[in-house]
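# Okay, structure incoming, though there's no sequence with it:
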DNA sequence: CGCTTGTTGGACTGTCAAGTCCAGTTCGCG
DNA sequence: CGCGAACTGGACTTGACAGTCCAACAAGCG
């Protein structure tokens, strides 16, 4: 899978619109039915285009999927942008989590995480796609990392707390919570997972009251 | 998808062996390439059988997949059995987590969770398969629940701690950790996720000494 | 206007996958 | 042994899907 989009050097407004329409239709279908469950003919019908247009703008299905990954990433980021910007307090973190839960409730858990689902389906299928998804996660996580760094900078997080590790843990909880929510058709797992994740962050709070004083010796068992 | 296995009323030893061989081959292939990426012809070649045998023992591909879900569930439980049995202390929980991480390291994260991957791929594709996977998760989780209940019974967990909710949180962390481990080809996310989950459990410890006062969060940081 | 390049429609090909069918073989049992 | 049921081999049908091809149409530009 080389997946080089063989897009023409220049494209007119009309061409650009068609191209975008194809990617959007593909993203919607793939979100609902997965990559394997979505054929190029499906995309064709759903975007009101023809075969030749699909292969005019994309070298092959893999190239289209690559663009879908990019689109879903920006969609996820756009949806969360207002919350990601204000992630520099625990309260902000809670609002972000609440928004995720609300979104999940609204969709009934259907589809799971647009990126997580792609990750699971493509990880073992194409190394190229796997790296794209990894990069996508990384971009998403970087917003969390920055928020936690700001928390640490103004003392809401202990100086020795590692924003990256905390972020990885939060993202794990989020992805696992979304998967179980999707499987059980209930938002409960997501709520419990995010609650745990936020609790995990508060355990690394820098307040003298909560941290340090509590470092008890009894390393149980 | 009704997926009723139209197995003959009686089957000979030879027949039972063939049937089992088919399921095992299918499970191995599906673990590596997913349901969509595995054809009946693949299963046929990998199990040294013929087309007619596949459809002699299974009504259709869906019926075979249903058996694969069952097999993977029992495989997962069998592999963890020694740890699941001794889950009635935090130390036991840690050993269980360490075993999971070790397994993940050994495989390089490839394949992710045999059940989680099926969940992600099948959740939106077939309601029947989704309920099977849900049941599978439930069986798995019941072992954790029982362990946490025993912990609570002999006072290592606060009386008001909810073993079910804790289990859901742990399973979310596990699934998310495995997904990120698979995507990034690193065991790190799994380690951090399970560490968080165990920390979450210890926060609900019942010892007057430890409750609120102790939060020894495993090793690192 | 006329050339070039971008854009579009849709028929067509080759491949592969699910599922069917039937003829032949082995097994269990009286 | 011999009969019926379980089992096996593999050719075959049908449909779907990725990808190709070419002829026609639009648009920018000198």
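The structure has been received and is ready for your questions. A quick note: this is a predicted structure, and the numbers were derived from the prediction, not measured. Residues are numbered from 1 along each chain as shown, chains lettered A, B, ... in the order given.
# Wondering if the strand or helix carrying residue A:190 reaches chain B at all.
Per DSSP states H and E, residue A:190 falls inside helix A:188-202. Yes. With C-beta under 8 Å from any C-beta of the partner chain as the criterion, chain B is reached by helix A:188-202 at A:188-190, A:192-193, A:195-197, A:199-200. C-beta here means a position set from N, CA and C on the backbone, and glycine is covered the same way.
# And for the helix or strand harbouring residue A:118, what's in contact with it?
Element membership for residue A:118 (DSSP H and E) is helix A:114-122. With contacts defined as C-beta atoms under 8 Å, 6 or more residues apart in numbering or on different chains, helix A:114-122 is touched by A:27, A:30-31, A:34-36, A:65, A:68-69, A:72-73, A:75-76, A:111, A:129-130, A:133, A:136-137, A:140, A:175, A:178-179, B:34, B:112, B:116-117, B:120-121, B:179, B:182-183.
# Could you do stretch A:36-44 as well?
With C-beta under 8 Å, 6+ apart as the contact definition, stretch A:36-44 has outside contacts at A:22, A:25-26, A:29-30, A:33, A:49-51, A:53-54, A:61, A:64, A:121, B:34, B:36-37, B:125.
# Tell me which residues of that stretch come out buried.
Using 16 or more other C-beta atoms under 10 Å in any protein chain shown as the test for burial, stretch A:36-44 gives A:36, A:38, A:40, A:43-44.
# Can you give me the end-to-end span of that stretch?
End-to-end span of stretch A:36-44 (C-alpha to C-alpha, to the nearest Å): 15 Å.
# For DNA strand C, tell me whether that stretch is touching it.
No. Using C-beta under 7 Å from any atom of the strand, stretch A:36-44 stays clear of DNA strand C, coming no nearer than 8.4 Å.
# where does chain A have low pLDDT?
A:1-9, A:207-221 (pLDDT under 70).
# if we go to 90?
For chain A, the stretches flagged by pLDDT under 90 are A:1-15, A:109, A:206-221.
# Close to DNA strand D: what parts of it are there?
A:12-14, A:38-42, A:51-52, A:55, A:60-62.
# Closest one to DNA strand C out of those, please.
residue A:52 (2.8 Å; C-beta to the nearest atom of the strand).
# tell me the secondary structure for the closest one?
For residue A:52, the secondary structure call by DSSP: H, G, I helix; E, B strand; the rest coil comes out as helix.
# how close does it get to chain B?
Distance from residue A:52 to chain B, counting by C-beta to the nearest C-beta, to the nearest Å: 27 Å.
# on that earlier part again, and the angle from the helix holding residue A:118 to helix B:114-122?
Relative orientation of helix A:114-122 versus helix B:114-122 (axes from the mean of the first three to the mean of the last three C-alpha atoms, to 10 degrees): 110 degrees.
# circling back to that earlier point, filter the contacts of helix A:114-122 to the buried ones?
Taking 16+ other C-beta under 10 Å as the criterion, what is buried in the contacts of helix A:114-122 is A:27, A:30-31, A:34-36, A:65, A:68-69, A:72-73, A:76, A:111, A:129-130, A:133, A:136-137, A:140, A:175, A:178-179, B:34, B:112, B:116-117, B:120-121, B:179, B:182-183.
# OK, contacts around the closest residue to residue A:147 other than its chain neighbours?
Spatial nearest neighbour of residue A:147, excluding adjacent residues (C-beta to C-beta, 6 or more residues apart in numbering or on different chains): residue A:87 at 2.8 Å. Counting by C-beta under 8 Å, 6+ apart, residue A:87 makes contact with A:93, A:96, A:143-144, A:146-148, A:150-151.
# Relative to DNA strand C, which of those is nearest.
Taking C-beta to the nearest atom of the strand as the measure, DNA strand C lies nearest residue A:143 of those, at 33.6 Å.
# To what extent is that closest one buried, counted in neighbours?
Residue A:143 has 18 neighbouring residues, counting by other C-beta atoms under 10 Å in any protein chain shown.
# Nearest to DNA strand C: which residue in chain A?
Nearest residue of chain A to DNA strand C: residue A:15, at 1.7 Å (C-beta to the nearest atom of the strand).
# May I ask which helix or strand encompasses that residue?
For residue A:15, the host element (DSSP H and E) is helix A:13-33.
# where's that helix relative to the chain centroid, distance-wise?
19 Å (C-alpha atoms, centre = their mean, to the nearest Å).
# Identify each buried residue in it, please.
Within helix A:13-33, the residues scored as buried using 16+ other C-beta under 10 Å are A:18-19, A:21-31.
# and if you look at stretch A:157-169?
In terms of neighbour count (16+ other C-beta under 10 Å), stretch A:157-169 has its buried residues at A:157-158, A:161-163, A:165-169.
# At the contact with DNA strand C, which residues of chain A appear?
Proximity of chain A to DNA strand C, by C-beta under 7 Å from any atom of the strand, involves residues A:8-12, A:14-16, A:18, A:49-53, A:56.
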